[in-house]
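>>> quick check, what structure comes out for this input:
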Amino acid sequence: MNAISNEQIRDTVLRTLSDVIPNADTQALHPDISFHDQLELDSIDFLRLMMSLEKELNVTIFDFDYPKLSTLKGCEHYLTERLGGA
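I've put the predicted structure just below:
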């Protein structure tokens, strides 16, 4: 399996987030502030985001790990570890 870069992961998260919340300004996201606080992402949208990331990146995201993915930085860190990225 080819390792995926942090930049590829970030781009995938932002693109997927734009699909889940079409009017979101993903380029203005602060990496350390939760999606909920910045975008008013509700639990259903968050679940859609997790499912989309799983499909897009072909990775399993365990529900008990969801809190780790509440920010852009958290998503990057978690997915980099899960995908063996650099």
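
>>> where does the prediction get shaky in the chain?
1-3, 85-86 (pLDDT under 70).

>>> please redo it, this time with the cut-off set to 50
1 (pLDDT under 50).

>>> which parts of it are helices?
6-20, 35-39, 43-57, 72-83 (DSSP state H).

>>> how about these, which one is nearest residue 28?
The closest of the helices of the chain to residue 28 is helix 35-39. By CB to CB, the value is 8.2 Å. No exception for glycine: its C-beta is placed from N, CA and C like everyone else's.

>>> would you mark the buried spots in that closest one?
35, 38-39 (16 or more other CB atoms under 10 Å).

>>> make a markdown table out of those and add distance to residue 76.
Output for the buried residues of helix 35-39, formatted as a markdown table (distance: CB to CB, whole Å):
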| residue | distance to residue 76 |
| --- | --- |
| 35 | 13 |
| 38 | 15 |
| 39 | 17 |
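
>>> looking at the residues you listed, spot the one nearest residue 57.
residue 35 (17.1 Å).

>>> for the closest one, which residues are in contact?
Applying CB atoms under 8 Å, 6 or more residues apart in numbering to residue 35 gives the contacts 17, 29, 41, 46, 49, 70-72.
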